[in-house]
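*Asks:* From the sequence below, what's the structure:
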Amino acid sequence: MPSPAPSPAAGEGSEPHLHHRFESQVDFSSDQLEAANPVTEFLQPAAVSVDFDFHHEDLRMPDGAEFEMWSFEDDRFERGFPGPTLRVQEGKIFHATVHPSRGPHTIHWHGMEPDPRNDGVGHTSFEVDGQYTYQMQPEAGRPGDPNYGSAGTYFYHCHVNTPLHVQMGMFGPLVVDPVVHPDYPVSPGARRAFVDGPEYDIETEALFAPYSLDPRWHEMNHADGLSGEDVGMNRFEPRHFYVLGGEIARRPTGRERVWSLSRLRANVVGGAKKPTLLRTVNANYLPTQVFFTDAGGAEMPIMELISHDGRPFRDTSEPGMPSPSCRDAGYPLTTSRLAYGAAERFDMLLLPEKPGRYFMKVQWEDWITGAVLATRTIPIDAA
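*Replies:* Residues are numbered from 1 along each chain as shown. Next comes the predicted model:
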């Protein structure tokens with residue numbers, strides 16, 4: 001068989017390859033499509049809609065330090081941090097309209113899969129300078145099917161100069177609730193974590209988000225580093241460490257509030273109420289470990305992991321057969337500790353067997369040396 005003819009070199013009659021359009025990463029990063037008021041294609045009536053403005057404020061953090069923070073705001077969570085808590089249901093159309101200021105911004109729905117125009121990544125759609133309405137419809141789950149469903153914990157963030165804008169505070173939690181399937185009814189005061197997942201108690205459902213802050217980054221400007229200049233964004237040296245969050249149904253509203261976690265409640269196994277669901281978003285650039293202990297400091301396996309990054313843990317060992325959750329398959333993923341990195345999300349049930357006080361210890365580690373940089377301990381009252 002004859003050898004194939006060699007491809008002509010560039011400049012010898014061949015067309016340039018499109019994927020060689022950019023000469024460097026700096027060239028790629030600075031060549032984003034900026035649009036004043038892009039049109040939402042195929043706009044449909046929404047079941048849930050939110051209207052976001054952008055804010056930049058000096059906020060007092062839980063340790064008393066004050067920093068300039070940027071984030072999203074609506075009429076409930078005015079100039080707060082993190083951004084407003086969003087809650088949507090599978091199968092329902094959702095709209096979020098953003099009105100940027102101080103330069104273009106986007107909203108990226110981290111972990112969701114809307115079409116490219118609504119994914120909020122400037123490289124594949126556009127950066128918004130005036131306003132834009134993002135539209136998506138989370139996919140509905142099917143019992144026993146690992147290939148369908150969106151229910152779980154996510155977060156949204158700006159995807160313009162992403163490392164800086166997220167560090168400055170431009171992110172917020174997003175919860176997708178499952179459809180209610182007739183084969184999996186829901187008890188009063190409870191909700192399912194996914195379509196055929198375990199029930200949990202709505203009243204004590206909580207979220208926590210480890211976050212660390214480098215004061216030097218909070219003196220930077222909107223586009224620092226995008227034109228190739230060295231502004232030191234290869235060095236992240238946090239000096240302040242926070243655990244954001246709390247009980248979702250009781251997040252405080254009002255102006256200039258930092259949502260900070262100081263304590264948790266958990267329902268005891270076998271009690272009148274369903275278990276407590278704890279959602280976590282790692283809003284932190286460092287490796288993080290979480291430990292659950294009793295009052296004496298001994299690790300206690302009171303945590304059952306049920307989902308990761310919006311995907312339930314299922315038994316998929318038999319191809320072509322229904323895939324029950326791991327707990328329904330007989331081997332719940334119960335542990336006393338969790339290690340995870342930036343932008344990872346987990347959903348977990350808290351399952352203390354006895355009333356009393358427990359603790360959740362959050363530990364930040366240096367991403368190179370592994371040295372422990374900070375520890376925060378959150379009490380958990382089980383009743």
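
*Asks:* Number of residues surrounding the closest residue to His105 other than its chain neighbours?
*Replies:* Once flanking residues are discounted, His105 sits nearest to Cys158: 4.9 Å by CB to CB, 6 or more residues apart in numbering. In this view, the C-beta of every residue, glycine as well, is placed from N, C-alpha and C. Cys158 has 29 neighbours, counted by other CB atoms under 10 Å.

*Asks:* Would you check that Cys158 makes contact with Gly172?
*Replies:* No - contact criterion CB atoms under 8 Å: Cys158 and Gly172 do not qualify, at 10.4 Å.

*Asks:* just the strands in the stretch 51-200 of the chain please.
*Replies:* 66-73, 86-89, 94-99, 108-110, 127-128, 132-136, 152-157, 171-177, 190-192, 199-201 (DSSP state E, counting those that start in this stretch).

*Asks:* what's the closest of those strands to Lys361?
*Replies:* strand 152-157 (20.7 Å; CB to CB).

*Asks:* returning to that earlier point: how far away is the residue nearest to His105 from Gln363?
*Replies:* For Cys158, the distance to Gln363 equals 28 Å [CB to CB, to the nearest Å].

*Asks:* what do you get for Glu199?
*Replies:* In terms of CB to CB, Glu199 sits 31 Å off from Gln363.

*Asks:* Give me the residues contacting stretch 329-341.
*Replies:* 280, 282, 287-293, 299-306, 313-315, 326-327, 346, 348, 351 (CB atoms under 8 Å, 6 or more residues apart in numbering).

*Asks:* What remains of those if I keep only buried residues?
*Replies:* Neighbour-count burial (16 or more other CB atoms under 10 Å) applied to the contacts of stretch 329-341 gives 280, 282, 287-293, 300, 302-306, 313-315, 326-327, 346, 348, 351.

*Asks:* Ala339: how many residues sit nearby?
*Replies:* Ala339 has 12 nearby residues by other CB under 10 Å.

*Asks:* ok, which stretches of the protein are helices?
*Replies:* Listed in chain order, the helices found in the chain under DSSP state H are 25-30, 162-167.

*Asks:* By mean pLDDT, show me the worst of the ones you listed.
*Replies:* Ranked by mean pLDDT, those end with helix 25-30 at the bottom, a mean of 61.

*Asks:* first to last residue in stretch 140-151, what's the distance?
*Replies:* 8 Å (CA to CA, to the nearest Å).
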